[in-house]
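Peer 1: The amino acid sequence is not available; the structure is as follows:
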């Protein structure tokens, strides 16, 4: 996430925009934007979209990296991150290269975590339970999966998930299209 915060600040300087001007274009407070640039606040996807629109760039700009010819992702390079207002942590398991089609992650769900709403979008989702258990509802059908079990479905079906346990659950997740 630090790279995203740095790119926001860099774009603001490149476009000679003050925090106040950015605030007016995004309807986000100056203090919140300042915290984002300093990396002291988390950032929701909806807020990032407002910032991207204000700068006239696509959201993918904040996630683009230079192509990496080293296809391995060493443990020391796996950096956990969170999305604002969520009780789960992601670790990206891939490097960036041209025409990448899938996005693999390790996802850790906190005990008793439940997603707030159903999602549906283009693409596919695959989850393999490494530890713990998960209750996934896909198109109104519930699937209770434990360690060693998996699910694969079109993301266009309404879906949601929860960790019904009093312990963390860790999943291997592979989704399409690439989002980060």
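Peer 2: Everything's here; your move. Just so it is clear, the model here is predicted, and its values are computed rather than measured. Numbering: from 1, shown residues only.

Peer 1: For residue 129, give me its contacts.
Peer 2: Contacts of residue 129 were listed using Cβ atoms under 8 Å, 6 or more residues apart in numbering, and they are 145, 146, 147, 148, 149, 150, 169, 170, 171. Just so you know, the C-beta spots here come from the backbone N, C-alpha and C atoms, and that holds for glycine as well.

Peer 1: Go again with 7 Å.
Peer 2: 145, 146, 147, 148, 149, 169, 171 (Cβ atoms under 7 Å, 6 or more residues apart in numbering).

Peer 1: What of residue 168?
Peer 2: 108, 109, 110, 111, 132.

Peer 1: Look up the pLDDT of it for me, please.
Peer 2: Listed pLDDT for residue 168 reads 96.

Peer 1: before we move on, what about residue 65?
Peer 2: At residue 65, pLDDT is 60.

Peer 1: now swap in residue 151 and tell me
Peer 2: 98.

Peer 1: Give the pairing partners of the helix or strand where it lies; include direction for each.
Peer 2: Residue 151 belongs to strand 150-154 when elements are defined using DSSP states H and E. Here strand 150-154 is paired, per DSSP bridges, with strand 124-131 (antiparallel).

Peer 1: Thanks a lot, see you next time.
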